[in-house]
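Undergrad: please find the sequence and the predicted model below.
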Amino acid sequence: NPPHPVSSYGGTNRACRTMFTDLGMEFDFIDFTDVSNIEKYIKPNTKMVFSESPANPTLTLTDLAAVSALAKRHNLVHACDSTFATPILQRPIELGVDLVIQSTTKYYDGHNVTVGGAVISATPELHARIKHMQNVHGNIMSPQ
């Protein structure tokens, strides 16, 4: 079976529908405000739960600790886009999240003159997988 992430974020939704479905991946885009709702969408081929908290543009919050516990019970990776909170306000890895995504274009830059992002891994194994993908695809920011 193709991989099946469960996701909530609009930008991720668009990328999944327009790019990743061509690779045979399946997705569900659901409400993350009720954790029991998420569990209803986990299938045998689900590999990841992708949350965003606070969500853009609604600023809806997800109980990251509860979603992480759910993901761990099902042996799934929990990835969270935490851009709107920044690490000053929220540290998802401390709440059990496996991968954290941050857009450096927004709060980090401050002047909106760069395009970039960061992926923070909770384990050395996930870090190695991310570094491999970065190396294969060449996605690194210019040092200027």
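TA: Happy to help now that I have it.
Undergrad: could you name the helices and strands sitting against the host helix or strand of residue 51?
TA: Counting by DSSP states H and E, the element that carries residue 51 is strand 48-52. Using 3 or more Cβ pairs under 8 Å, 6 or more residues apart in numbering; DSSP states H and E as the contact definition, the elements that strand 48-52 packs against are strand 6-7, helix 64-73, strand 77-81. In short, each C-beta sits where N, CA and C put it, glycine included.
Undergrad: return the list of strands paired to that strand, each annotated with direction.
TA: strand 6-7 (parallel), strand 77-81 (parallel) (DSSP bridges).
Undergrad: between those, which gets the lowest average pLDDT?
TA: Comparing mean pLDDT across the strands paired with strand 48-52, the lowest value falls on strand 6-7: a mean of 52.
Undergrad: contacts for the next helix or strand after that strand next, please.
TA: The first helix or strand that comes after strand 6-7 along the chain, using DSSP H and E, is helix 10-18. Judged by Cβ atoms under 8 Å, 6 or more residues apart in numbering, the contacts made with helix 10-18 from elsewhere in the structure are 5, 7, 25, 27, 29, 50, 52, 56, 57, 81.
Undergrad: re earlier: between the strands paired with strand 48-52, which one is closest to residue 121.
TA: Between residue 121 and the strands paired with strand 48-52, the shortest gap by Cβ to Cβ is with strand 77-81, which sits at 9.9 Å.
Undergrad: alright, calling it a day.
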